[in-house]
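A.B. asks: Any chance you can model this:
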Amino acid sequence: MSSILTEHIALLDRNGCIVWSRSLPFNPWRKQASHEPPIAALKSLLSDAHGRLTVYLSSNLAYPVSLPWVDGLKNRADWQRYALHVLSERYGRPPDSWHVCWSLPSYGQAALAAGMDRSLWSQLNALPPRLGPVRPLLPYLMAQRSRTLDSNQTLLLLERETLSWAGRHTAQWGEVGVVPRPEGHSITELLETLHALGMNDPHPCFLVADPDCDTLPVQAVGWALPMLDPAS
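C.D. replies: Numbering: from 1, shown residues only. Below you'll find the predicted structure:
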């Protein structure tokens, strides 16, 4: 059983959940995994846990989009409808099936957004009150890295089942997308798929969020989250 000081970080995808826990800051992380459906997995891993929980959602649960600036959107309700429309066009579900998370952008800039199934959001909201932030991973990393990336640099995120990307042009976020990661495909083959889709940045910021990776691929520059590093 953990104390109220314990910190828990959960990474959810469609095939389960990984939870890292530590009782005090600077203690080593303890990793647990479950391959039950994601919410059931999270509940079982944290059934007796106390402390603070932060949840990161994979790009196959929280689908990322970039919302180009549109003049005439006057309030949050307008941006909400716009985000639902873009998600529906991109991923093919009706607008009323989505719960969308987004941040209101500065004037003239694109907004970062992610959409998840409404039933998933309802299940997350039904978790115990200790639940802290729920963060779609790619938009979170886009916000965290926006000041350190070059003005035209692409952000790549390798996860257990997907490779997602977010392109930049003159320091503004542009195209965002997700491709599946077929079993047995090498990193080189995945990058070739992205190149065929028009991602031609020779020096992307390539981050890894695959908890099954023991070492960084040679193409990667770092781990998406510190606890993913086996040395942490």
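
A.B. asks: The chain: strands as residue ranges?
C.D. replies: Remark: strands assigned in the chain by DSSP state E are 7-13, 16-22, 30-34, 52-57, 63-67, 98-102, 111-117, 131-136, 155-158, 162-169, 172-180, 205-208, 222-223.

A.B. asks: how much does the second one deviate in direction from strand 30-34?
C.D. replies: The directions of strand 16-22 and strand 30-34 differ by 160 degrees, with axes from the mean of the first three to the mean of the last three CA atoms, to 10 degrees as the criterion.

A.B. asks: Give me the residues contacting strand 16-22.
C.D. replies: 2, 6-11, 28-38, 41-42, 45-46, 49, 51, 211, 227 (CB atoms under 8 Å, 6 or more residues apart in numbering). All C-beta spots, glycine's among them, are computed from the backbone N, C-alpha and C.

A.B. asks: Between strand 7-13 and it, find me the angle.
C.D. replies: Using the same axes, to 10 degrees: strand 16-22 against strand 7-13 is 170 degrees.

A.B. asks: just the angle between strand 16-22 and strand 52-57, please?
C.D. replies: 150 degrees.

A.B. asks: partners of strand 16-22, with directions?
C.D. replies: Its sheet considered, strand 16-22 pairs with strand 7-13 (antiparallel), strand 30-34 (antiparallel) by DSSP bridges.

A.B. asks: What of the longest one?
C.D. replies: The strands that strand 172-180 pairs with in its sheet are strand 162-169 (antiparallel) (by DSSP bridges).

A.B. asks: what comes up buried for the partner strand?
C.D. replies: 162-168 (16 or more other CB atoms under 10 Å).

A.B. asks: and if you look at stretch 208-219?
C.D. replies: 208-211, 213, 216.
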